[in-house]
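Chemist: I'd like to go over a predicted model; first the sequence, then the structure.
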Amino acid sequence: MSKRRRWLTSLPVLLLIGVLRSEAQSPTTSIDIKQAIDMALANNYSLKADSLNNPIAGYGVRVAKAAWLPQLNFSSKAEYNAALPSQMLPGKFIGEPDKDLIPVQFGTRYSTGASIEATQTLISKAARLQVDAAEMNTGIAETKHLLSREELVYQVATAYYDLLATTEKINTTNKDYKNIREIESIAKAQYESGVLKRIDFESLQINAANIQSQLDQWQTKYDQQLVYFKYLLGVPANATVTITNELAGGPQSLQSGGTRLYEREDVHLYRQLIASKELELKMIRAEKLPTVNAFARFNYQSQYNKMSDALKGDYGYKSSTIGITTSIPLFDGHRRKNRLNIAQVELQQLQFRNEQQQQLANMEWVSASETLQNNRKQVLITQQNLELAEKVFTSRKALYTEGITTLIELLDAERELSQSRNLYTQAQINVQTSLVNAHKANGTLLTEYRNSL
């Protein structure tokens, strides 16, 4: 996808983020789960930081490849010899045969020099394998970033449905409060006419107060969940955000017929880590092979006893060397052998963990798919039960108004209706959350699940 197309695709999300960041007093912005996921992927700071591992890995490849490019170094020196060294020479060599040895000073007071050296690696299997390892690390970094994106989608989706569940709890509790107030209104007339005892009327008022308290508790929980939800989206905590009720409009099933457990990013990551460790073993073994480098060196040095002679060319000389060096490791105190043993044990660990991860993926898929099927059945059961509870409550309320049934029977019917409503709502939420878990287990959160929203 071109940069222009990516920019145009992300433009709606960027505009929505700008609206949320404008000011806390702005009108409330309502978002659905697809918008929430897109915003989190575009704006979550943890994901942004994690995405920087990709260019870091890319630069690592350049660092490894730099070993095959010519290396050019410049060095210089300036020395002052406060005490010139002496060398003992036989006296007969300097015209004093009667003396066995005579100290003779060598060197000059000042010495300056500069050199330029260019080197080029010709043969080095270890350096070549380091390039392969760096390129493999780019793939590992990309897989880890995909895992971070997948985890963020999962967190946003579950946080969204947690908010939706609490919202439905608030709506259900509001309905319960409305029903209890209607009952209280009927009971008040009966109490004033002497049909209902005072203690029964007061008990009814206590129930209404308890429902009001429960409603406040649900609202507090919703506010806390909303703050965490906005944190995942990467928007300010004081941004005015609400979620769209999507219980009826969300995805209901997996789109693909078969499983994709082998393509899960966590399973794929272990295959990459195993390949990387195998390459590390080759790199360690390659260190015992010869390394051949070519070099070219140019030196200029000047020696003199007076500072006034520093710029005179008579005291300087040049030298240059071109050659090839070969390095063959012979003995390193068994360091390479022990590193090889460590890498082999670590490879076995990765292989065991890879098998465990595949078993875990299979277990998660079986559990998630079975849970999804059971939750779908629960939706049908609780829906039928809710319809029956609504009929029973309506009938009980009419009978109580006529004085045929008791207040206790009416309150029991109201509690049954409230429980049925909660169970049906929770069953709908469970279908959506279990669908998220099924896509996560199948490794299709970033593909099929996002496309189905």
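Modeler: Structure received. Numbers count the residues shown, from 1 in each chain.

Chemist: Low-confidence regions, the stretch 1-150 of the chain specifically.
Modeler: By pLDDT under 70, the weakly predicted segments of the stretch 1-150 of the chain are 1-28.

Chemist: repeat that with 50
Modeler: Within the stretch 1-150 of the chain, the ranges that satisfy pLDDT under 50 run 1-3, 6-9, 11-17, 19-20, 22-26.

Chemist: For it, which segments count as helices?
Modeler: Taking DSSP state H, counting those that start in this stretch, the helices of the stretch 1-150 of the chain run over residues 3-22, 33-43, 45-51, 53-65, 125-192.

Chemist: for these, which one sits closest to residue 91?
Modeler: helix 125-192 (56.3 Å; C-beta to C-beta). Any C-beta I mention is one placed from the backbone N, CA and C, and that applies to glycine too.

Chemist: how far is the closest one from where the chain is centred?
Modeler: Centroid separation between helix 125-192 and its chain, computed with C-alpha atoms, centre = their mean, to the nearest Å, is 17 Å.

Chemist: Helix 53-65 and that helix, what's the angle between them?
Modeler: 170 degrees (axes from the mean of the first three to the mean of the last three C-alpha atoms, to 10 degrees).

Chemist: name the helices or strands packed onto helix 125-192?
Modeler: Packed against helix 125-192, as judged by 3 or more C-beta pairs under 8 Å, 6 or more residues apart in numbering; DSSP states H and E, are the following elements: helix 33-43, helix 45-51, helix 53-65, helix 198-233, strand 241-243, helix 265-286, helix 335-401, helix 407-442.

Chemist: Pull out the buried positions in the shortest one.
Modeler: So the one you mean is strand 241-243. 241, 243 (16 or more other C-beta atoms under 10 Å).

Chemist: quick one: average pLDDT of it?
Modeler: Averaged across strand 241-243, the pLDDT comes to 88.

Chemist: Can you tell me what sits against that strand?
Modeler: 20, 28-33, 36, 160, 163-164, 167, 226, 229-230, 233, 235 (C-beta atoms under 8 Å, 6 or more residues apart in numbering).

Chemist: Which PyMOL command selects the buried ones in the residues you listed?
Modeler: The following PyMOL line selects those of those that are buried, judged by 16+ other C-beta under 10 Å:
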select buried, resi 20+31+32+33+36+160+163+164+167+226+229+230+233+235
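
Chemist: residue contacts, the most centrally placed residue in the chain?
Modeler: Ranked by distance to the mean C-alpha position of the chain (C-alpha atoms, centre = their mean), the top residue is residue 148 at 3.1 Å. Residue 148 makes contact with 46-47, 50, according to C-beta under 8 Å, 6+ apart.

Chemist: Look up the closest residue to residue 136, ignoring the ones flanking it.
Modeler: residue 276 (5.2 Å; C-beta to C-beta, 6 or more residues apart in numbering).

Chemist: from what I can see residue 191 touches residue 199, true?
Modeler: No. If you go by C-beta atoms under 8 Å, residue 191 and residue 199 don't touch, sitting 10.2 Å apart.

Chemist: Those two: who's more crowded?
Modeler: residue 191 (17 against 8; other C-beta atoms under 10 Å).

Chemist: And the residue in the chain sticking out farthest from the centre, how far from residue 88?
Modeler: Most distant from the centre of the chain: residue 98, at 86.6 Å, with distances by C-alpha atoms, centre = their mean. Computed as C-beta to C-beta, to the nearest Å, the residue 98 to residue 88 distance reads 16 Å.

Chemist: Got the domain ranges for this structure?
Modeler: Domain assignment for the chain, taken from automatic domain parsing, gives 3-69+124-290+332-452, 80-120+291-327.
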